[in-house]
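Enquirer: return a 3D structure for these sequence lines:
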Amino acid sequence: MKEYGAVGLALLASVTIWLTSNLSREADALVSMPVSIHSTLVGYSDVAMESFQVTANVSGSGFTLLALQIGRHKTVALDVAGQELKMTGRELFEISSNALLSRGNEIFGKKVKVNWFTSDRYSVRFQEESYKRVPVIPVTSIRYKDQYMAKEVRIMPDSVDVYGDPSSVAAVDKVLTSLISARDVDSHGIHQQKVPLQAPAGLRLSSSTVSYNVEVTRFVEVSGMVNVGVRNVPEGKELSVFPSTVQLTARYIFPVSNSSESIAEIYVDYADFAASKGGRCVVKADGIPATLLDWKVSPEVCECFETVSR
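Expert: Below is the predicted model of the structure:
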C-alpha cells in the first residue's frame with residue numbers, strides 16, 4: 001500500500017509540474033466578456049439600453065486565460081465618443097471592432113493582448129431623450145483685494161444640454177454652478193479651475209462640471225455730479241426731468257489716461273416715459289468707453305414730466 005501511495009504522490013506531483021509548466025506558457029484563446037457602452041450622443045441617453053457580449057482572440061499566460069474563461073465577470077463599462085458610433089436606424093448604432101481593439105485592455109485586463117474580435121461590428125441601442133441647450137450661470141462669492149475687481153468671469157463651456165422628461169426640460173432656462181468662492185484675489189486672478197454644476201432634480205446634464213477663469217484688474221473709482229439729458233422727444237413736446245442731475249460713480253481700468261475716457265452721456269429716453277404709468281424712467285448711459293468696468297448712478301430712476309412746447 002505504501003508503494004501505491006508513493007506512486008500516487010509522484011503522479012500528482014508530475015501532473016502539478018506539468019500543469020504549472022504549461023499554464024505558465026504564453027498561449028492564445030477565445031474569451032468572452034459582457035460590455036456596456038456609455039456615450040454623450042446628443043439627443044440620446046448616456047448609457048446603451050442593453051449590454052452585449054464580445055468575443056476576442058487574446059494572448060496571455062495559461063493561468064490568465066484560464067481565469068478569463070472560467071471566471072464570472074462583471075459588465076465592463078466603456079466610455080465611447082459619439083463619433084465612434086455609426087447610426088444605422090432609429091435609436092440603433094454600431095461600434096466597430098477596431099474601436100473596441102483600442103480598448104482591449106479595458107475589456108479583458110492588462111495581462112493579455114487582444115489580437116482580433118470574432119465580429120467586425122456590434123449593434124447597440126440608445127434611447128432618444130428630450131433635451132435643450134441652456135446657458136451656465138456662475139454663482140460666485142469672491143472677495144478681492146482693495147482696488148481690484150473682476151474684469152470677466154469666463155465659464156467653459158458656457159452652455160450645456162439638459163436631458164429628461166419633456167415638460168421638465170421645457171421649464172429649465174439655465175443651469176447654475178456650485179458656489180465659486182475665493183478670498184483676497186488680486187491681479188493674478190483664477191485660472192483653469194473646475195466647479196460642479198447643479199443639475200435640476202430628475203434631469204441629466206451633458207456635463208457634470210465646467211471650467212472657469214476669473215480675470216482680475218486693478219481699477220480707479222471716479223465720482224461726480226452729472227446732468228441728465230433727454231432723448232427721442234417728439235417735435236412739439238418737452239420732457240422735464242427731476243432731479244436734473246445725478247451722482248455718477250464709475251470704475252475704470254487703472255490707470256485712467258485722460259478725461260476723454262468718461263461716459264459720453266447720461267440720459268432718459270422718451271420712449272420709456274411713454275411706456276410708463278407714472279412717468280418714472282430708468283437712467284441710461286451712452287458712449288461707454290472700453291476702459292469702463294462698471295458704473296452706477298444715484299438715484300437710478302428719475303421723475304419725468306411732459307409739457308407742450310410753445
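Enquirer: so which bits of stretch 116-125 are buried?
Expert: Neighbour-count burial for stretch 116-125 flags 117, 122, 124, 125 (criterion: 16 or more other CB atoms under 10 Å). Every residue, glycine included, has its C-beta placed from N, CA and C.
Enquirer: mind checking which of those residues are in strands?
Expert: Residues of the buried residues of stretch 116-125 located in strands (DSSP state E): 117, 122, 124, 125.
Enquirer: list the contacts for the residue nearest to the last one when sequence neighbours are not counted?
Expert: In space, residue 125 comes closest to residue 49 once its chain neighbours are excluded; the distance is 4.3 Å by CB to CB, 6 or more residues apart in numbering. With contacts taken as CB atoms under 8 Å, 6 or more residues apart in numbering, residue 49 has the following neighbours: 91, 124, 125, 126, 127.
Enquirer: spatially, which two of the residues you listed are the most separated?
Expert: Greatest spatial distance among those (CB to CB): 124 and 127, at 11.1 Å.
Enquirer: can you give me the helices for this structure?
Expert: Secondary structure of the chain by DSSP state H: the helices cover 2-23, 62-70, 97-101, 104-108, 166-170, 270-275.
Enquirer: ranking these by mean pLDDT, which is last?
Expert: Between those, the lowest average pLDDT goes to helix 2-23, which shows a mean of 47.
Enquirer: and of the ones in strands among the buried residues of stretch 116-125, the nearest to residue 182?
Expert: Of those, the one sitting nearest to residue 182 (CB to CB) turns out to be residue 124, at 43.3 Å.
Enquirer: show me the contacts for the residue lying closest to residue 206 once chain neighbours are set aside.
Expert: Computed as CB to CB, 6+ apart, the closest residue to residue 206 that is not its neighbour in sequence is residue 161, at 3.9 Å. Contacts for residue 161 were tallied using CB under 8 Å, 6+ apart; they are 42, 131, 132, 133, 205, 206.
Enquirer: of the residues you listed, which is the most crowded?
Expert: Counting neighbours by other CB atoms under 10 Å, residue 205 comes out on top of the contacts of residue 161 with 22 neighbours.
Enquirer: is that residue in contact with residue 157, as I believe?
Expert: No - taking contacts as CB atoms under 8 Å, residue 205 lies outside contact range of residue 157: 11.0 Å.
Enquirer: separation between the residue nearest to residue 293 when sequence neighbours are not counted and residue 222?
Expert: Take residue 293 and drop its neighbours on the chain: the residue closest to it by CB to CB, 6+ apart is residue 251, 4.5 Å away. Going from residue 251 to residue 222 by CB to CB, to the nearest Å gives 8 Å.
Enquirer: for the residue nearest to residue 91 when sequence neighbours are not counted, give me its contacts.
Expert: Of all residues not flanking residue 91 in the chain, residue 125 sits nearest, at 5.2 Å (CB to CB, 6+ apart). Residues near residue 125 by CB under 8 Å, 6+ apart: 48, 49, 50, 91, 92, 93.
Enquirer: same question for residue 233.
Expert: Counted by CB under 8 Å, 6+ apart, residue 233 has contacts 239, 270.
Enquirer: which pLDDT value belongs to it?
Expert: If you check residue 233, the pLDDT there is 93.
Enquirer: any idea how far the longest strand along the chain is from the middle of the chain?
Expert: Scanning the chain for the strand with the most residues, using DSSP E, yields strand 209-227. Relative to its chain's centre, strand 209-227 lies at 26 Å (CA atoms, centre = their mean, to the nearest Å).
Enquirer: direction included, what does it pair up with?
Expert: In the sheet, strand 209-227 lines up against strand 148-156 (antiparallel), strand 190-198 (antiparallel), strand 245-253 (antiparallel) (DSSP bridges).
Enquirer: and these, which is most packed in?
Expert: Of all the strands paired with strand 209-227, strand 245-253 carries the top mean neighbour count, a mean of 18, counting by mean count of other CB atoms under 10 Å.
Enquirer: starting at the chain centroid, how far to that one?
Expert: What separates the centre of strand 245-253 from the centre of its chain is 36 Å, taken as CA atoms, centre = their mean.
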